[in-house]
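A.B. asks: Starting from these lines, generate the structure:
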Amino acid sequence: MDFDNGVWKYEKSRLEKVLEQIDMKLKSAEEAEGKVKNEVVAMQKSMWDNVNPTPGGGDLDDLANIWQFQTDIEREGRKALFAASLVKKLKKMRKTPYFGRIDFKEDGSAEEEKLYIGIASLIAEKTHESLVYDWRAPVASMFYDYETGRAAYDCPAGRIEGEILLKRQYRIWEGKIDCMFDCSLKIDDEILQEILGKSADSRMKVIVTSIQREQNRIIRNDLHKLVVVQGPAGSGKTSIALHRIAYLLYRHRGQVLADNIVIFSPNGIFNDYISNVLPELGEENMHRATFMEYARWILGDKFKTEDMGSQMEYMLTGRKSPGYQERIEGIKYKASTSFVKVLKNYLKYFEDNKAFEDIEYNGVIIETKEEIREYFIEGLRFLPPEKRLIKIRNRLVSKLEPFIKERIERLALVLADTGEYIDKTEIKGRSTFIAREEFRPLREKIEKMTRLDLMECYIELFNDRDLFYRLSEEEIPEAFNEISKITIGSISSGNSNFEDVGPLLLLNSLLSGVSGPGNIKHVIIDEVQDYTPIQFEVFKLLFSHCSMTMLGDLNQSINPYMNIGEYKTIMDIFGFDPSLAVSLSKSYRSTKQITEFCRELLVSKDEIEYVNRSGELPRLFCLKDEEAMLDSLGKNLALLKANGSRSIAVICRTAAYSCHMYEKISYSMEARLVKEDTTEFIAENVISIIPSYLAKGLEFDAVLVLCANSDDYAAETERKLLYTCCTRALHRLYIYSIGKLPEFVSGMDGKLYEAIEI
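C.D. replies: Below is the predicted model of the structure:
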């Protein structure tokens, strides 16, 4: 858009004014940072010079002085962190002070106000004029929600209405305006097109300059305790979640800190991929975790737990293995709401059937089994079973102490009469030892009676078909005997299959009352489609006191047997009021050609809107053998790099085939093998070779999906897995198939792709 010289002169002059203020504040912040650091160093030196900090040294005055020094140092340290954070923020603003402007005339006001919007707020030193508004400020919401014309925003004072007279976007870098234009809310505007057309780098991007109306409403939602967001691949779900965190930290400043928020991600590499967003927005990173990290923390290292990747490998490669179908039946059942009911009913069964015995010594009843049971059922009903048993154990042991003490005293008299001991100390030690040994069987009996073993409880469920049938409110699986054999075999050998991890955690929470960290106030769960009802029951027990944001896409359920099925299940489990389910329909990631191709992979053929960004048709290579595939791969990888693709992924169906292809490809060019335990995402200028199930959530300039044989992605259960792989591509998508094209592709309209036979 062309502007006259007057407009350019005004905008450049104002930018210079903003930069002057930033430079002034930056100088002050850097001086403050240096001063605080020097003060901390001086305090530390003074402490060493004036007090005795050695362990066991010094007197009470020294200890008091040390405490005072440490308190002062910690206070100055907090100042230093704040100063460093401010310096970092101002340096970011120095490069791009703002990206948008709206001229807003409030109803009843004589003049409009020019509102400039950036990543953080900026107030003039002397005049206290708001030079830049933080994108999270209430007034800034109009930039995302409205075109020119009537507009409104909500603030603490109430609803403010008026008219937007001008809406302008800028591209500013290193303190210079590269371009600017007046705009509407259209998704295919110039700046968004340019952003989406860029190459992907090694971290997820900040999207404050291109947040769309439907995304903004989710980010700023303060009304609902539970928000569930469904959207197609590339609709910005994870970006929305991270920007929502930034908004909550701004909106509830001082009440909600980064330490009060946790995000559950699918794997470690995805955690690293998203690690840059909040720092770029000027906020500290929240806690990041995977479900398996939490599971291993709770279940400990008593047995080995299978991870999701290992289970996926088994499902993708073990179809001809003995017992495969039986284990699949077990995986499906253990992910069901039916099994949730069994586990919950087991809690009541355990309470009703917990056996106790009389505690007796030398014919004296210390406590009857009826008294113990009464205390267990009624006296301690407010506690979970394991905590009740610990209370009972401590009470019974405490009741033994008078008997032990009396026995020690009697033994001391007997030993003294023998004349075999030198002094009273030796007599007391010997009598105490004998008495403790006499009472050892009784103490062991109490210990055994009040011990709760999670694995024994879980095995009991599958060891007793009649019990399982009584606890189930529905029909039990036909393959129950086979499922039981597999379950008991793995648990007894010190292993836990992935499908048992969620049930074990739920049973542990029911029996032991494990709760989530009390400091957590908001929980983000990404890729919710791949969690089961049982896992959500665990989340509910852990975080029922928290507000939650959940994001997913049912079309990207990579595990056909372990998934949520439908979002209504989540709402039913949590029962939060109020809650909100939001469906996004627009994809911003891929080109029009890739999006249309991927849509045709789905059975539902959902209407997916997309940015009208054109590119190459996906290319489908049908090859006679692996040698031909490797030759074509090598040529295309070299061409892609030469043509500017900064991030390239070769996605293989399994980890085993990824290892195989890594050996072949890395022989002639730089490549990186991504594995289940990979925790660092490096995509820029490196070819990533990655198993299909680890690619979800990530994006690359170019994606090459390899089908090693005609069985790859042939089963209906793998349709969504192939869809997930293909939707990782921003600009170019190549599919390689040996022998014939995948079944889901061969029936497509040939206009959606370019077929190449080699």
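
A.B. asks: contacts, neighbours, all on C-alpha from now
C.D. replies: OK.

A.B. asks: which residues of this protein score low on pLDDT?
C.D. replies: Applying pLDDT under 70 to the chain flags the ranges 1, 37-80, 184-203, 515-516, 683.

A.B. asks: Spit out the contact partners of the residue nearest the centre of it.
C.D. replies: What sits nearest the mean C-alpha location of the chain, by CA atoms, centre = their mean, is Phe264, with 1.8 Å. Applying CA atoms under 8 Å, 6 or more residues apart in numbering, one finds that Phe264 lies in contact with Arg288, Ala289, Thr290, Phe291, Val523, Ile524, Ile525, Asp526.

A.B. asks: ok, it to Asp553 distance?
C.D. replies: When CA to CA, to the nearest Å is applied, the distance between Phe264 and Asp553 equals 16 Å.

A.B. asks: Ok, Asp307 next?
C.D. replies: Computed with CA to CA, the distance linking Asp307 and Asp553 is 22 Å.

A.B. asks: What segments of the stretch 651-758 of the chain are helices?
C.D. replies: Counting by DSSP state H, counting those that start in this stretch, residue ranges of the helices within the stretch 651-758 of the chain are 655-665, 719-726, 743-746.

A.B. asks: Go through those and name the closest to Met629.
C.D. replies: Each of the helices of the stretch 651-758 of the chain was scored for nearness to Met629 using CA to CA, and the closest is helix 655-665 (10.7 Å).

A.B. asks: Against which helices or strands is the closest one packed?
C.D. replies: Counting by 3 or more CA pairs under 8 Å, 6 or more residues apart in numbering; DSSP states H and E, the packing neighbours recorded for helix 655-665 are helix 626-642, strand 671-673, strand 686-691.

A.B. asks: Give me the distance from the first one to the chain's centre.
C.D. replies: So that's helix 626-642. Between the mean C-alpha location of helix 626-642 and the chain-wide mean there is a distance of 35 Å, by CA atoms, centre = their mean, to the nearest Å.

A.B. asks: What of the last one?
C.D. replies: On the basis of CA atoms, centre = their mean, strand 686-691 sits 22 Å off its chain's mean C-alpha point.

A.B. asks: Paired strands for that strand, with orientation please.
C.D. replies: strand 647-652 (parallel), strand 671-673 (parallel) (DSSP bridges).

A.B. asks: Go through the ones you listed and pick out the most buried.
C.D. replies: Mean neighbours per residue, mean count of other CA atoms under 10 Å, is largest over the strands paired with strand 686-691 for strand 647-652, with a mean of 27.

A.B. asks: Just the angle for that one relative to helix 655-665, thanks.
C.D. replies: Between strand 647-652 and helix 655-665, the angle comes out at 130 degrees (axes from the mean of the first three to the mean of the last three CA atoms, to 10 degrees).

A.B. asks: the inter-axis angle of strand 647-652 versus helix 719-726?
C.D. replies: Counting by the same axes, to 10 degrees, strand 647-652 lies at 150 degrees to helix 719-726.

A.B. asks: Tell me which residues are up against strand 647-652.
C.D. replies: The set of residues external to strand 647-652 that reach it, using CA under 8 Å, 6+ apart, is 199-202, 658, 683-692, 695, 700-707, 725.

A.B. asks: try 7 Å
C.D. replies: By CA atoms under 7 Å, 6 or more residues apart in numbering, the surrounding residues in contact with strand 647-652 are 200-201, 658, 683-692, 700-706.

A.B. asks: Stretch 709-726 now?
C.D. replies: With CA under 7 Å, 6+ apart as the test, stretch 709-726 has contacts from 555-558, 560, 598, 601, 692, 695-696, 733, 737-740, 742-743.

A.B. asks: What of stretch 464-480?
C.D. replies: Counting by CA under 7 Å, 6+ apart, stretch 464-480 makes contact with Glu326, Ser338, Lys341, Val342, Asn345, Tyr346, Leu461, Phe462, all of which sit outside it.

A.B. asks: do the same with stretch 485-492
C.D. replies: Contacts of stretch 485-492 with the rest of the structure, by CA under 7 Å, 6+ apart, involve Ile459, Ser496, Asn497.

A.B. asks: related to what we said a few turns ago, any chance of the helices of the stretch 651-758 of the chain in CSV, plus mean neighbour count and distance to Lys114?
C.D. replies: Formatted as CSV, those follow (neighbours: other CA atoms under 10 Å; distance: least, CA to CA, whole Å):
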stretch, mean neighbour count, distance to Lys114
helix 655-665, 18, 55
helix 719-726, 25, 44
helix 743-746, 17, 53
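
A.B. asks: closest to Ser109 out of these?
C.D. replies: For the helices of the stretch 651-758 of the chain, distance to Ser109 was read as CA to CA. The smallest value, 51.9 Å, belongs to helix 719-726.

A.B. asks: then the closest one to PDB, C-alphas only?
C.D. replies: Extracted as PDB, the C-alpha positions of helix 719-726 are listed here (Å, rounded to 0.1, in the frame of the first residue of the first chain):
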ATOM      1  CA  ARG A 719      -5.000 -44.000   8.200                       C
ATOM      2  CA  LYS A 720      -4.800 -41.200  10.900                       C
ATOM      3  CA  LEU A 721      -1.100 -42.000  11.500                       C
ATOM      4  CA  LEU A 722      -0.400 -41.300   7.800                       C
ATOM      5  CA  TYR A 723      -2.500 -38.200   7.900                       C
ATOM      6  CA  THR A 724      -0.600 -36.900  10.900                       C
ATOM      7  CA  CYS A 725       2.700 -37.500   9.100                       C
ATOM      8  CA  CYS A 726       1.700 -35.700   6.000                       C
END
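
A.B. asks: among the helices and strands packed on helix 655-665, which is nearest Thr368?
C.D. replies: For the helices and strands packed on helix 655-665, distance to Thr368 was read as CA to CA. The smallest value, 59.8 Å, belongs to strand 686-691.

A.B. asks: As CSV, could you dump the C-alpha coordinates of that closest one?
C.D. replies: What follows is the C-alpha trace of strand 686-691 in CSV, where atoms were taken according to Å, rounded to 0.1, in the frame of the first residue of the first chain:
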residue,chain,number,x,y,z
VAL,A,686,19.8,-30.8,9.5
ILE,A,687,17.8,-33.7,8.0
SER,A,688,15.7,-35.2,10.8
ILE,A,689,14.9,-38.9,10.5
ILE,A,690,12.0,-39.6,12.8
PRO,A,691,9.5,-42.4,13.5
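
A.B. asks: Can you tell me how far the residue nearest to the centre of the chain is from Ala289?
C.D. replies: In this structure, Phe264 and Ala289 are separated by 5 Å, where distance is defined by CA to CA.

A.B. asks: Which helix or strand contains Ile160?
C.D. replies: Secondary structure from DSSP states H and E places Ile160 in strand 158-173.

A.B. asks: Helix, strand, or coil at the residue nearest to Phe143 when sequence neighbours are not counted?
C.D. replies: Nearest-residue entry for Phe143: Ile102, 6.6 Å, with adjacent residues in sequence omitted and distances by CA to CA, 6 or more residues apart in numbering. For Ile102, the secondary structure call by DSSP: H, G, I helix; E, B strand; the rest coil comes out as strand.

A.B. asks: Contacts only, for Ile102.
C.D. replies: Lys114, Leu115, Tyr116, Phe143, Ile164, Leu166, Lys167, Arg168.

A.B. asks: if we go to 10 Å?
C.D. replies: If you count contacts by CA atoms under 10 Å, 6 or more residues apart in numbering, Ile102 has them with 112-117, 139-140, 142-143, 147-148, 163-169, 182.

A.B. asks: Taking the residues you listed, please make a PyMOL selection of just the buried ones.
C.D. replies: The following PyMOL selection, which keeps only the buried ones among the contacts of Ile102, applies the criterion 16 or more other CA atoms under 10 Å:
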select buried, resi 112+114+115+116+117+139+140+142+143+147+148+163+164+165+166+167+168+169+182
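
A.B. asks: Any idea which of the helices and strands packed on helix 655-665 gets closest to Cys546?
C.D. replies: Each of those was scored for nearness to Cys546 using CA to CA, and the closest is strand 686-691 (34.2 Å).

A.B. asks: and the angle from the closest one to helix 626-642?
C.D. replies: Between the direction of strand 686-691 and that of helix 626-642, the angle (the same axes, to 10 degrees) works out to 140 degrees.
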